[in-house]
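# sequence plus predicted model, see below.
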Amino acid sequence: MIHWLQHTTGGLLTLAAVSIAVLLLLIVKLKVEPFIALIVVGLLTALAAGLPVGTIVGTAQKSSDSLLEKGFGSILGHITAIIGLGTLLGSILERSGGAKVLTGALLRAFGEKRAPLAMGIAGFIFGIPVFFDIGIFVLAPLVYVAARQGKRSLVLYAMPLIAGLSITHAFLPPHPGPVAAAGLLHVELGWIILMGLACGVPAFLIGGVLYATWIGKRIDIAVPEDMIVAEEEGEQEENVPSLALVGSIIAVPLVLILAGTFGSIWLPKGSALSGVAAFIGTPAVALTIAVLLASWLLGLRRGFTGKDLNELAAKSLRPVAMILLVVGAGAFFGAVLSATGIGKAVADSLHDAGLPVLLAAYVISCGMRIAQGSATVAIVTTSGIVAPTVAQLGYSQVQLALLVMAISAGSIIASHVNDGGFWIVSRYFNMSVVQTLKTWTALETVLSLSGFGVSALLMAVV
């Protein structure tokens with residue numbers, strides 16, 4: 001029995017299925033923190049597969065070569081600075097009033113009739129540097145104003161906004177899910193940005209524009225009276241930054257990362273220019289430049305003190321710790337699956353069954369999302385599961401980026417009551433549980449299917 005479990009394809013597949021089932025049981029039923037559940041299941045899977053204890057955790061004298069430390073270290077060394085700097089950039093943009101500047105300009109440009117589209121574009125652009133929930137907290141008051149002025153359902157304005165925020169959270173750096181997947185699957189972030197836009201923009205147009213318009217005309221939600229009062233009595237921002245400045249700062253890291261990615265392809269190898277492009281295009285360097293620019297142009301020049309910036313950084317970085325722990329634990333779990341030979345067994349089985357890896361990754365990600373609610377956990381866990389399999393296939397960077405997009409698309413499907421985002425949307429936009437299911441849950445499903453559909457089409461032609 002033990003030999004069968006540890007050395008045959010059937011046994012390894014059984015071990016993989018049991019480990020994932022136990023992982024979901026711990027997270028969903030027993031409410032264990034995901035990073036603890038990933039560590040526990042990873043350790044148990046390694047022991048069940050017969051890996052030596054020294055390989056799993058090292059020895060008292062040396063543990064740096066262990067799966068535990070290498071699993072955590074290999075991914076955290078890649079993403080910690082990126083996620084931390086991205087969080088800082090978003091917090092500075094949010095505190096400076098950049099979100100209101102951006103949204104106000106879009107509303108003026110598109111006019112009252114196209115205000116829902118303006119809200120969606122605002123969510124998409126501002127969602128690049130800020131987390132999903134922060135985007136709602138900052139932009140929701142502007143949705144209330146637009147809905148009140150347009151005298152139409154709040155749903156018509158809210159759905160495009162949260163569609164834009166959701167797409168950027170799942171598909172684009174510096175958000176933790178796509179950044180972690182890029183690290184686990186060894187994809188350059190420049191390709192993640194390009195494929196994220198290629199898959200995310202069509203998904204946004206289908207879900208955030210077409211579906212949002214359709215459902216917004218069928219569910220009438222009034223703007224909450226207490227929110228109207230809060231907005232009318234709120235203090236008006238003074239000395240707000242210009243639209244050009246806000247847009248430029250958001251664009252800086254994306255442009256630099258893309259320059260680094262394509263500079264390595266187009267510029268002569270070993271030239272000074274290619275060295276400059278590689279340096280400034282390194283994601284951590286690009287984001288450091290953007291954070292420094294934002295700190296100076298949106299902070300110190302507008303009356304912030306060094307102490308203010310330090311307090312803002314400390315507050316914004318607190319939630320990052322749990323994200324990093326989950327990502328590190330997911331990488332350890334993936335390293336265990338690779339070391340046990342489970343990854344090769346899964347690859348062989350998918351090949352024999354004729355099931356495309358892209359579809360398998362999407363289905364796994366969907367299952368993880370529906371079961372435990374977190375998009376980031378779904379992306380990290382799925383990437384860890386498929387990474388050993390993908391290593392056997394010789395995918396190009398573009399194909400790997402599209403695989404990340406399929407995983408990301410699966411991670412946002414069918415948000416429901418086990419997802420914190422479900423309750424934020426319900427609370428901020430004055431909807432009952434049933435109304436939230438009909439609007440937000442359905443919207444997430446449309447975004448997911450659309451994003452996966454585009455990634456599958458692109459995978460067929462690259």
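Alright, I've got the coordinates.
# for the protein, which helix is longest?
Longest helix of the chain, by residue count under DSSP state H: helix 67-95.
# contacting residues around the next helix-or-strand element following it?
Later in the chain than helix 67-95, the nearest helix or strand by DSSP states H and E is helix 98-110. Residues from elsewhere that reach helix 98-110 (C-beta atoms under 8 Å, 6 or more residues apart in numbering): 93, 115, 117-119, 121-122, 125-126, 130, 135, 138-139, 142, 146, 237, 240-243, 246-247, 249, 298. Where you see a C-beta, it was placed from the backbone N, CA and C, and this is true even at glycine.
# next, the angle from helix 98-110 to helix 67-95.
Interaxial angle of helix 98-110 relative to helix 67-95 (axes from the mean of the first three to the mean of the last three C-alpha atoms, to 10 degrees): 60 degrees.
# from the chain's centroid, how far away is helix 98-110?
24 Å (C-alpha atoms, centre = their mean, to the nearest Å).
# again with stretch 348-366
With C-alpha atoms, centre = their mean as the basis, stretch 348-366 stands 22 Å off its chain's centre.
# in that stretch, what's buried?
Using 16 or more other C-beta atoms under 10 Å as the test for burial, stretch 348-366 gives 349-350, 357-358, 360-362, 364-366.
# tell me the gap between the helix or strand hosting Tyr144 and the middle of its chain.
Tyr144 is part of helix 132-150, with elements assigned from DSSP H and E. Centroid displacement of helix 132-150 relative to its chain, using C-alpha atoms, centre = their mean, is 21 Å.
# same question for stretch 254-271.
Taking mean C-alpha positions (C-alpha atoms, centre = their mean), stretch 254-271 and its chain are 25 Å apart.
# try stretch 49-63
Centroid separation for stretch 49-63 versus its chain: 33 Å, with C-alpha atoms, centre = their mean.
# could you list the residues in contact with that stretch?
Here stretch 49-63 has contacts from 2, 5-6, 12, 15, 43, 46-47, 64-69, 336, 339-342, using C-beta under 8 Å, 6+ apart.
# ditto for stretch 125-139
Applying C-beta under 8 Å, 6+ apart, the contact partners of stretch 125-139 are 86-87, 89-91, 93-94, 98-100, 102-103, 119, 122-123, 161-162, 164-169, 172, 174-175, 247, 250, 254, 319, 420-421, 424-425, 428.
# make a ChimeraX selection of the buried ones in these.
Applying 16+ other C-beta under 10 Å to those, the buried members can be selected in ChimeraX as follows:
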select :86,87,89,90,91,93,94,98,99,100,102,103,119,122,123,161,162,164,165,166,167,168,169,172,174,175,250,254,421,424,425,428
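# the helix holding Tyr144 vs helix 98-110, what angle?
Going by the same axes, to 10 degrees, helix 132-150 is angled at 40 degrees with respect to helix 98-110.
# quick one on the thing from earlier: can you list the helices and strands that the longest helix of the chain packs against?
Judged by 3 or more C-beta pairs under 8 Å, 6 or more residues apart in numbering; DSSP states H and E, the packing partners of helix 67-95 are helix 34-48, helix 53-57, helix 132-150, helix 176-185, helix 243-266, helix 283-294, helix 306-317, helix 320-340.
# distance check, Leu287 against Gly10.
46 Å (C-beta to C-beta, to the nearest Å).
# neighbour-wise, which of these two wins?
More crowded of Leu287 and Gly10, by other C-beta atoms under 10 Å: Leu287, with 26 against 11.
# which residue ranges of the stretch 301-450 of the chain form helices?
306-317, 320-340, 342-353, 357-372, 375-390, 397-410, 420-428, 433-436, 442-461 (DSSP state H, counting those that start in this stretch).
# what angle do the fifth one and helix 397-410 make?
By that I understand helix 375-390. Interaxial angle of helix 375-390 relative to helix 397-410 (the same axes, to 10 degrees): 140 degrees.
# mean confidence (pLDDT) on stretch 239-253, please.
In this model, stretch 239-253 has an average pLDDT of 89.
# for stretch 176-188, same thing?
94.
# swap in stretch 202-221?
Averaged over stretch 202-221, pLDDT sits at 95.
# give me the contacts around that stretch.
Here stretch 202-221 has contacts from 116-117, 120, 123-124, 152-157, 159-160, 163-164, 167, 409, 429-431, 435, 438-439, 442-443, 446-448, 450-451, 454, using C-beta under 8 Å, 6+ apart.
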